[in-house]
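Undergrad: Sequence and predicted model, in that order:
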Amino acid sequence: MPINLKYKCETVMDMKIKDKPQNPPLGGGGFKHVSYLWDDAIAASMAGDEVALLVYRSNLLGADLRLTNYGGGNTSCKAMAKDPLTGKEMEVMWVKGSGGDLGTMKRSGLAALYVERLRSLKNIYCGIQHEDEMAGLFNHCIFVPIDIGMASKAPSIDTPLHGFLPFKHIDHLHPDAAIAIAAAKDGKRITQELFNGTVGWVDWQRPGFDLGLKLKRCVDENPAIRGIMLGSHGLFTWGDTAYESYVNTLEVIERCAQFLEDNYGKKRPVFGGQKIQALRKEERLQKAALIAPVLRGFCSNCDIARNPPLGGKGAIGHFTDDERVLEFINSNDLCKLAPMGTSCPDHFLRTKISPLVLNLTPEDDVSITTAIKEKLQPLFEAYRKMYADYFNTCKHPDSPAMRDPNPVVILYPGVGMFTFAKDKQTARVAAEFYINAINVMRGAEAVSEYTSLPRQEAFNIEYWLLEEAKLQRMPEPKPLSGRIAFVTGSAGGIGKAIAKKFAEEGACVVLNDINRERLDSTVQEFEKTFGKDIVASALLDVSNEASIEKAFAETALSFGGVDIVINNAGISISKPIAEHSIEDWDKLYDILVKGQFLVSKKGVELMRKQGFGGDIVNVVSKNSIVAGPNNAGYGSAKAAQAHLTRLLAAELGADKIRVNTVNPDAVISDSNIWSGGWAEGRAKAYGITVEELPAYYANRTLLNETILPEDIANACFAFVGGLLNKSTGNTLNVDGGVAAAFLR
């Protein structure tokens, strides 16, 4: 039946998914290890539209991470469509394009190709040594319907794997349960016995044109099979309809998972049994927070003998103490399995050749930075040498230059797993993929012996020229990519504007405020705008050292450390000296001066652990320079903040930590400063009404401008954005021009 090209595909996230199946397969018993999410009513609304059903099926499969990992796998369908030039009905294959994720894929994420043209490429294929050249020819097979008005997604390297198979609907997934068998030493025999010959086997080969031909040959020689296991890689399954393919996929994976469950612990304890005892949850998090900035420093510097460049970007971290991770890192088999690396290409590309296992015990004291760096430095040097040796041994004449030799995955027995990458999402996904790899090793060892990719095959994947081309197409990083910003008082007003500006420029931001309700609201807003990966938060009282300690620990656990500290939290009290109480005075100095001191002190501690500098920007005030009536407490506290900036700049230069001041004036919009009687106090001092204050402040400036929170955010960005990396101890006034506040 012709495809309804005007159907607007939704993702599963837009639909109501029922937890229980209407038509459970497996004799009515349903599934134990996978989720059956098919909804007959939703599917019926797409009847006759195979592309819509493909998107629906893909979203269902991607919604269950036991079936495939984030961004992994691909699906396809073949259906008849009218050629826009000839008007003839032609067979077209719709397949997930390069990049994207099955769970959230929409119609725009599909590549469409003429099946006949794609298959005709076999006639000009000159052998595996020319395989990469074939990928460029996929574009000559692209089908673009006129009435969709949407370009085809770029075809992925897996396109011929789908195109050469004769089936209407095909799923290619990377389920841990199947890969455990595919990566087992006896995987081929196990597959044959487990499925009684109904699932074929193709030995490991890098994805591409040649592998597509091998899949076709397997089906030609075994026409009755329901799927193919790819050695050390994944699974292909199919059906005549979207539903048949979906159920077939679930049933094959279910059987693999049940087989593994039946064998866990039967031959020997899982991972050889427990070797060490994990710390308690609270202790694990405490230790992880202490060591994370040290690890981040090592992972952000490719050459320990030299300091990182001034203003250099760091790796962003992720930490997990998931029970599956703890079982593996605390086991007797850790030292045997970890160096072997992963098997599935999807796992390997995100987790690197192998993890780094720390030479620490759970009981080791990691609070003394110098001592812990001395102990870990040889470990990182050895890892970098191992990686360089791997590169130099396996490289080809046309291989790209060696990339970052630092580990992505770091395992701390008894504590947990750290991952470091260019951004939070990449680090988090790397952790998820290594957990997938742990599941694979666990299963393979239960039924046989785990085998990983040979080093040369791993290199051929990692430094594949097609992968390199994909990396080269990535957008340029934003100015604050790879940097972590801790902004006090960022639930509203100036602080919120600063955090927003930094997030827009690529930073990970840690929002904090003393007001929980206000903070939660801002976090929700930021997550909606920027996504959950770049936002963390901590309830913070800047005058309380324990609160600061906890907030920075949460920052280290969330992102690995800190690069930028913005001291913005503030309070204002405007009274004549006769009415100014000692309680007012103490409150001002506790929040403004003591708070800036304590937050800076802790921020410096983390920056020094990392070892590649950083920025502290203190949001002070024009009042630190200009004397005015009814302002003794506030003005003097602001003056103390300004001088503390200069003192720290003088002290921290050797650490490449820049300390600068931004002086706002009269920023009224969304500011808590104007509550608590401040507006009334300033209006009284100037002999005007509160309503007249905004115009009064604007009119007294040389530029006759109202100052907004965004103006202060821009000034802070000027200091930390890279153009002023050699500037410290300076002050930038953002007040519209107040002559009395000129520094010289």
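TA: Happy to help now that I have it.
Undergrad: got any ranges where the chain has weak pLDDT?
TA: 1-29, 146-151, 302-312, 669-679, 681-682, 744 (pLDDT under 70).
Undergrad: what about the longest helix in it?
TA: Scanning the chain for the longest helix, with DSSP state H as the assignment, gives helix 369-394.
Undergrad: Tell me which other helices or strands it touches.
TA: Applying 3 or more CB pairs under 8 Å, 6 or more residues apart in numbering; DSSP states H and E, we find helix 369-394 packed against helix 281-299, strand 356-357, helix 455-462. Glycine gets a C-beta too; all of them are placed from N, C-alpha and C.
Undergrad: what ranges do the helices span in the stretch 151-300 of the chain?
TA: 159-163, 176-182, 187-194, 209-221, 242-263, 281-299 (DSSP state H, counting those that start in this stretch).
Undergrad: Show me which positions of the longest one end up buried.
TA: Okay, so that is helix 242-263. Buried residues in helix 242-263, counted by 16 or more other CB atoms under 10 Å: 242-257, 259-260.
Undergrad: so how far is V95 from E432?
TA: As judged by CB to CB, to the nearest Å, E432 and V95 stand 24 Å apart.
Undergrad: sorry, that was for R255
TA: 26 Å.
Undergrad: which phi and psi does the residue of the chain positioned farthest from its centre have?
TA: Distance to the chain centre peaks in the chain at A578, reaching 55.3 Å (criterion: CA atoms, centre = their mean). Reported as degrees, to the nearest 10, the phi and psi values for A578 are phi -70, psi -30.
Undergrad: Now stretch 726-739: buried residues?
TA: Neighbour count says stretch 726-739 has 728-736, 738 buried, by 16+ other CB under 10 Å.
Undergrad: Out of those, which two sit at the greatest distance?
TA: In terms of CB to CB, these reach their longest pairwise distance at T728 and G736, which sit 25.4 Å apart.
Undergrad: follow-up on the earlier one: dump the helices and strands packed on helix 369-394 into a markdown table; add mean neighbour count as well.
TA: Shown next, in a markdown table, are those (neighbours: other CB atoms under 10 Å):
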| stretch | mean neighbour count |
| --- | --- |
| helix 281-299 | 21 |
| strand 356-357 | 22 |
| helix 455-462 | 18 |
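Undergrad: out of these, nearest to A112?
TA: So among the helices and strands packed on helix 369-394, helix 455-462 is nearest, using CB to CB, at 27.0 Å.
Undergrad: which residues sit against the closest one?
TA: Residues from elsewhere that reach helix 455-462, judged by CB atoms under 8 Å, 6 or more residues apart in numbering: 204, 206, 341, 345, 348-349, 352-353, 390-391, 393-395, 452-453, 467.
Undergrad: Which among those count as buried?
TA: 204, 206, 341, 345, 348-349, 352-353, 390-391, 394, 452-453, 467.
Undergrad: In JSON lines, list the residues you listed along with distance to N630.
TA: JSON lines is the format used below for those (distance: CB to CB, whole Å):
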{"residue": "W204", "distance to N630": "78"}
{"residue": "R206", "distance to N630": "75"}
{"residue": "G341", "distance to N630": "68"}
{"residue": "P345", "distance to N630": "69"}
{"residue": "F348", "distance to N630": "67"}
{"residue": "L349", "distance to N630": "64"}
{"residue": "K352", "distance to N630": "62"}
{"residue": "I353", "distance to N630": "66"}
{"residue": "Y390", "distance to N630": "69"}
{"residue": "F391", "distance to N630": "68"}
{"residue": "C394", "distance to N630": "73"}
{"residue": "S452", "distance to N630": "72"}
{"residue": "L453", "distance to N630": "73"}
{"residue": "E467", "distance to N630": "66"}
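Undergrad: tell me which of those is nearest to D365?
TA: K352 (28.9 Å).
Undergrad: What residues does that closest one make contact with?
TA: K352 touches 387, 407-409, 462, counting by CB under 8 Å, 6+ apart.
Undergrad: what does F167 give?
TA: Residues counted as contacts of F167 (CB under 8 Å, 6+ apart) are 78, 238-240, 245.
Undergrad: Compare these and tell me which is most surrounded.
TA: Using other CB atoms under 10 Å as the neighbour criterion, S245 leads the contacts of F167 with 25 neighbours.
Undergrad: if I look at the residue positioned nearest the centre of the chain, how far off is A458?
TA: Most central in the chain under CA atoms, centre = their mean is Q425, positioned 0.6 Å from the mean C-alpha point. With the distance defined as CB to CB, Q425 ends up 23 Å from A458.
Undergrad: ok, now R473?
TA: For R473, the distance to A458 equals 23 Å [CB to CB].
Undergrad: circling back: Y114: which of the buried ones among the contacts of helix 455-462 is nearest?
TA: R206 (25.4 Å).
Undergrad: And that closest one, its phi and psi?
TA: Per-residue torsions, R206: phi -60, psi 140 (degrees, to the nearest 10).
Undergrad: Number the chain from 19, please
TA: All set: I'll call the first residue 19, so the last point we hit is now R224.
Undergrad: Identify the residues contacting it.
TA: 363, 475, 478-479, 482.
Undergrad: Distance to Y607 for the residues you listed - can I get that in a markdown table?
TA: Listed next are those as a markdown table, based on distance: CB to CB, whole Å:
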| residue | distance to Y607 |
| --- | --- |
| P363 | 59 |
| E475 | 64 |
| N478 | 63 |
| I479 | 59 |
| W482 | 60 |
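Undergrad: Among the residues you listed, list the two that are farthest apart in space.
TA: E475 and W482 (10.8 Å).
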